[in-house]
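J.: how would this look folded up:
(one chain, ligands or ions: 1)
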Amino acid sequence: MMSSRVGGKSKRSGELLAQKLHAEGIQNVEVLQAIANTPRHIFVPEILAHKAYDNTALPIGQGQTISQPYIVAKMSELLLANGRPANILEIGTGSGYQTSILSQLTDKVFSVERIQALQWQAKRCLRAMDLHNVSMKHGDGWQGWASKGPFAAIIVTAAPNAVPQALLDQLEDGGRLVIPVGEQNQVLKIITRDGDEFIEEKIEAVRFVPLVPGELL
Ligand code: SAH
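T.: Numbers count the residues shown, from 1 in each chain. Have a look, this model is predicted:
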């Protein structure tokens, strides 16, 4: 299903994609480096491999999408704005592409996905890249992953209609949550915890698949 080619040509393609994202306003050097180093074609269905380094979202099956590289980079940069977080919780593993970028930007990533088939495929890709600091859970992201928290950073890559309380609870003091919120009109938000206060900033309009509540597939 997925191509296993890692290296050579894809390295050059990753570098060109990073240059494009830099031109579009991504500044963080570590984020750009991670984009340059990551073979995005292994995370997309083989039939779409020729589009893997375009700056677009692509279907990955099960009605889900791999996020647009610009938004992956933007959300990663927002999480790193106050320095390198010690750990990161990700909700919505999907293809595992965003996960692989995060894995290069922190010591430990925890990632929750409700569709098991996607999670298995993502695991294979991370192994192919030799990334071993990611723990995955098949579960409902609305609940977060309390036993592994609190987290210095939390990223949600599907849109709920309101910020899940569990995610706020699992954010450490000074920690940052980046999350798209809304249904038809979604906005990307960054929420910073200051004791019992949550300071919210709106970043830009975005388009994500919904964060589905409950039942697992
Ligand atoms: N960052 C991913 C984006 C995947 S799309 C990538 O670049 O590939 C969003 C993912 O969120 C989908 O895989 C979807 O199954 C998952 N998702 C939706 N609702 C969820 C929930 N309640 N809990 C966990 N994952 C969920």
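J.: near the ligand, anything from the helix-or-strand element of the chain with minimal mean pLDDT?
T.: Ranked by mean pLDDT, DSSP states H and E, the helix or strand of the chain with the weakest confidence is helix 9-23, at a mean of 92. No. On the criterion C-beta under 6 Å from any ligand atom, helix 9-23 is out of touch with the ligand, staying 13.9 Å away. Just so you know, the C-beta spots here come from the backbone N, C-alpha and C atoms, and that holds for glycine as well.
J.: shift numbering so it begins at 5
T.: From this message on, residue numbering opens at 5, which makes the last subject helix 13-27.
J.: I'd like the next helix or strand past that helix.
T.: Going down the chain from helix 13-27, the next helix or strand is helix 33-41, by DSSP states H and E.
J.: so what's the residue count around the residue of the chain found nearest the ligand?
T.: Going by C-beta to the nearest ligand atom, the ligand is nearest to residue 98 of the chain, at 2.3 Å. Using other C-beta atoms under 10 Å, residue 98 is surrounded by 25 other residues.
J.: which strands and helices lie in contact with the least confident helix or strand of the chain?
T.: helix 33-41, helix 73-83 (3 or more C-beta pairs under 8 Å, 6 or more residues apart in numbering; DSSP states H and E).
J.: and the ones you listed, which is most packed in?
T.: helix 73-83 (a mean of 24; mean count of other C-beta atoms under 10 Å).
J.: for the nearest residue in space to residue 18 that is not next to it in sequence, list the residues it contacts.
T.: Leaving aside its sequence neighbours, residue 18 sits nearest to residue 40 (C-beta to C-beta, 6 or more residues apart in numbering; 4.7 Å). By C-beta atoms under 8 Å, 6 or more residues apart in numbering, the residues touching residue 40 are 15, 18, 19, 21, 22.
J.: any idea how far residue 200 is from the last one?
T.: Using C-beta to C-beta, to the nearest Å, residue 22 is found at 39 Å from residue 200.
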